[in-house]
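Asker: 3D, please:
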Amino acid sequence: MAKKNAKVSEIRLSEIRAGANDRQVFEENALRELAQSIQEHGLAQPITVRPVEQGYEIVAGERRFRAVSLLGWETIPALVRELSDEQAAAIMLAENTSRVDLDPVTEAKAYQARQERFGWDVAKIAQAAGVSVQRVRSRVELLVLAEDILHFVARGALPIGHAQAMIGLDVNRQRIALRVYNKKPLPLSAFGEVVAELRRHQAEENQMSLFALESFLVAQHAGLHHVALFHPLD
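Answerer: Numbers count the residues shown, from 1 in each chain. Okay, here's the model as predicted:
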């Protein structure tokens, strides 16, 4: 994308506002570390903004903007670009997905937002983000899971592979799977057995209560992975 009419200017922080950033959480300690680095070594790269009514909107570099705000700077070097909403969304996506600390749920929601707002297909999202088509698909698939499940994924308390295994379970059985995992973290192969039993229970709509099923699965995987699973209606 050509940097049409782009120029670097010193802009007052008071004239700059955050854009529609996919990243909603900015870890305070990390921002303070970045601020210290900028104070010691300077700002290595200007932020990118676009003109909007009554000032400028951040397209890329909100962490840098927040860090220099902590330092009390009055102005910041900024690359000013005339950009449409879609062009700004592409730049923001590329910046965010290049960072290793972007959690998978925020990443998935960023992809989904561009599908819904701009009608981007998976290939276009993958190209803009600099990732594979399969990665985009697998991340977006996570969003069918319940919000409380996604909370655990975002915090790293539930591995992505385990979360992906739960896709297709209803909300109640997703939560059972999560509680089984939380009581005894299982390798993916063993967790797959838990999910398989929950799928079977869901498909058969059998008469075993969810409470009884959860108790059985917890006991089953408390170190007895080799024991055959019990099917009440067999």
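Asker: is it fair to say A94 lies in a helix?
Answerer: Yes - counting by DSSP: H, G, I helix; E, B strand; the rest coil, A94 falls inside a helix.
Asker: For P159, give its distance to E205.
Answerer: To E205, P159 is 29 Å away according to CB to CB, to the nearest Å. All C-beta spots, glycine's among them, are computed from the backbone N, C-alpha and C.
Asker: neighbour count winner among the two?
Answerer: P159 (17 against 6; other CB atoms under 10 Å).
Asker: Local confidence estimate at the more buried one?
Answerer: Looking at P159, its pLDDT reads 97.
Asker: Find the nearest non-adjacent residue to it, please.
Answerer: L188 (7.3 Å; CB to CB, 6 or more residues apart in numbering).
Asker: since we're on that neighbour, how many residues are nearby?
Answerer: L188 - counted by other CB under 10 Å - has 12 other residues nearby.
Asker: chain center to stretch 146-155, what's the gap?
Answerer: 10 Å (CA atoms, centre = their mean, to the nearest Å).
Asker: what's next to it, contact-wise?
Answerer: Counting contacts by CB atoms under 8 Å, 6 or more residues apart in numbering, the residues outside stretch 146-155 that touch it are 103-106, 142-143, 145, 158, 160, 163, 166, 171, 174-175, 178.
Asker: filter those residues to the buried ones?
Answerer: D103, P104, V105, T106, L142, L145, L158, A163, M166, Q174, R175, L178 (16 or more other CB atoms under 10 Å).
Asker: Show me what the helix ranked longest in the chain is packed up against.
Answerer: Ranked by number of residues, the top helix in the chain under DSSP state H is helix 188-204. Judged by 3 or more CB pairs under 8 Å, 6 or more residues apart in numbering; DSSP states H and E, helix 188-204 is in contact with helix 160-165, helix 171-183, helix 210-220.
Asker: And the strands in the chain?
Answerer: 7-12, 16-17, 47-52, 55-60, 75-80 (DSSP state E).
Asker: and the residue nearest to S69 when sequence neighbours are not counted, how many neighbours does it have?
Answerer: In space, and not counting its chain neighbours, S69 is closest to L13: 6.0 Å by CB to CB, 6+ apart. Look at L13: counted by other CB under 10 Å, it has 15 neighbours.
Asker: and if you look at V218?
Answerer: So V218, with other CB under 10 Å, has 16 neighbours.
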